[in-house]
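Asker: Model the structure of this input:
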Amino acid sequence: MGIIGKVASAIQIALGAAIDQIGRRTGVIQRLRKFSGSTLLKTLVLTSWKSPNAKPEQFASTAAQLGVTVTPQAIAKRFSPGLIAFLRESLRHVLEQAVTATPAMVPLMRRFAAVEIGDSTTITLPEEYADEFPGCGGKAESGRAAVKIQVRWDLLTGRLTKLVVEPGRTSDGRNPEADAPLPRGALSLRDLGYFSLRRFQELVVAGVHWISRWQQGTQVFDPQGRSIDLLEQLRGHRGDEPVDRPVLLGAGERLACRLIALRVPQEVDARRRQAAYEKASKHGRTPTKEHLELCGWTIMVTDCPEGLLTWKEVIVLYRARWQIELMFKLWKSHNHLAASRPTWSAVERMAMFWVKLIGVVLQHWLLLTSSLPEPRGSLWKAAEVIRDWIAALTVGLDDGKRLAEILERMRAAIDAIAKKKLQERHPSSFQLLLNPELLDWNC
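Answerer: Here you go, the predicted structure:
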């Protein structure tokens, strides 16, 4: 089955009979008079795609397109604690329908069984939910309630391998989701928030490769176990080529890996130093001289030997981790995942958070029909095309053949509109993935 058929089938299953059962089980559907669980969820999700902060009249309009005639007042009454329970269970069901595309035609990434990037994003909730989802606090107690969404995404196939909603106070570094197993031969890419020598060692034992930035303060030794003053070595380095050498990391762990250090352009060094001063001042401190000197270097560590990845390929692959940040930005700016209408009650805000979260998962599946996992596709432009096709999708959901035809036409529109342009002076991420030799570190 091709990707169009996979997505059409997954959407129908995700929004089908199982949702009716969830509606009855959670009590949100007690008598089948107007809405079923399926039509209720479709009404909420499709409307949030078109208008993320919709009014009851807009939900009623979508319901009519689905064959359900209700008043805006009837829609407003649906927003209750019971609806939240229904939506949370519906999300779990949706996430069970994993969709995987054909692996991206990028030779660099196809060296691995998977190229998984992982990260989290945090969203503030109404204070009424602080007991269930405690946040980290903030000015005027604005962060008392928050959720953290942990996401794992395989860039090779585009699949969301994991999406977990947890209290905003949860630490990334100690999160068990970061330790969930990966297929042998995969590559793991995460930022410094997940830096863990224990985790890296477990990945190596499992046959999984990893790339990370070096965490300042982590002790470095040569392969014979002699301590290395890394900053002193960097001070003495000459030439434009990077430092690229085998090392052991950690006083106790002595994790064997490869360290790559590159001097950054002066303007990058200046920006990093400024950020270091700003961050330290918030805690009433000033950055150390050593820390400021290290701002002039990008230091990577990896278990990938030179025979598997050149230093340029290491840098290009790690830069691909930024794609998950772009996805979070899409969810928050295009889908308004963190936004709400000022007039919404706490229950309405919470319910719409779950509605939009289900929506971005389904949207991700639709993106897989064209712009993902191929790196040249623009997520933002593709999502805008999908929004234009919501009306067509609405009337095609109950007919698998018709839905597949609509998705095929929508894919043609995305292919024509949502492709990034080639850049000669500053090659984009997709160009670098296709040809890492285009990387000019000094520009």
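Asker: Show me the domain layout of the chain.
Answerer: With domains defined by automatic domain parsing, the chain comprises 3-98+336-417, 213-315.
Asker: Could you say which of those domains is packed most deeply?
Answerer: Comparing the domains of the chain by mean neighbour count (mean count of other CB atoms under 10 Å), domain 3-98+336-417 ranks first with a mean of 19. For every residue, glycine as well, the C-beta is placed using N, CA and C.
Asker: Span of it from start to end?
Answerer: Terminal residues of domain 3-98+336-417 are spaced 19 Å apart (CA to CA, to the nearest Å).
Asker: Show me how far that domain is from its chain's centre.
Answerer: Relative to its chain's centre, domain 3-98+336-417 lies at 19 Å (CA atoms, centre = their mean, to the nearest Å).
Asker: now do stretch 161-171
Answerer: 12 Å.
Asker: ok, now stretch 130-137?
Answerer: 22 Å.
Asker: Let's test this: mean pLDDT of that stretch, rounded?
Answerer: Averaging pLDDT along stretch 130-137 gives 90.
Asker: how about the nearest residue to residue 408 once chain neighbours are set aside, phi and psi?
Answerer: Of all residues not flanking residue 408 in the chain, residue 4 sits nearest, at 5.5 Å (CB to CB, 6 or more residues apart in numbering). For residue 4, the backbone dihedrals (degrees, to the nearest 10) come out as phi -60, psi -50.
Asker: hmm, back to that, could the domains of the chain be laid out in TSV, adding mean pLDDT and distance to residue 134?
Answerer: Formatted as TSV, those follow (pLDDT from 0 to 100; distance: least, CB to CB, whole Å):
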stretch	mean pLDDT	distance to residue 134
domain 3-98+336-417	93	15
domain 213-315	94	22
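Asker: With just CA atoms, put stretch 98-109 into PDB.
Answerer: What follows is stretch 98-109 as a C-alpha-only set of coordinates in PDB (Å, rounded to 0.1, in the frame of the first residue of the first chain):
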ATOM      1  CA  ALA A  98       1.400   4.800  13.400                       C
ATOM      2  CA  VAL A  99       2.000   6.000   9.900                       C
ATOM      3  CA  THR A 100       5.400   5.500   8.200                       C
ATOM      4  CA  ALA A 101       6.400   6.800   4.800                       C
ATOM      5  CA  THR A 102       9.000   5.400   2.300                       C
ATOM      6  CA  PRO A 103      12.500   6.300   3.600                       C
ATOM      7  CA  ALA A 104      13.800   9.600   2.400                       C
ATOM      8  CA  MET A 105      16.000   9.500  -0.600                       C
ATOM      9  CA  VAL A 106      18.900  11.000   1.300                       C
ATOM     10  CA  PRO A 107      22.000   8.700   1.100                       C
ATOM     11  CA  LEU A 108      23.500  10.200   4.200                       C
ATOM     12  CA  MET A 109      20.500   9.400   6.400                       C
END
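Asker: where's residue 120, which helix or strand?
Answerer: Using DSSP states H and E, residue 120 falls within strand 115-124.
Asker: So what's the gap between that strand and the chain middle?
Answerer: On CA atoms, centre = their mean, the centre of strand 115-124 falls 5 Å from the chain's centre.
Asker: what's that strand packed up against?
Answerer: On a contact count with 3 or more CB pairs under 8 Å, 6 or more residues apart in numbering; DSSP states H and E, strand 115-124 meets strand 146-154, strand 187-189, helix 322-329.
Asker: possible to save the domains of the chain as CSV with distance to residue 186?
Answerer: Shown next, in CSV, are the domains of the chain (distance: least, CB to CB, whole Å):
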stretch, distance to residue 186
domain 3-98+336-417, 14
domain 213-315, 12
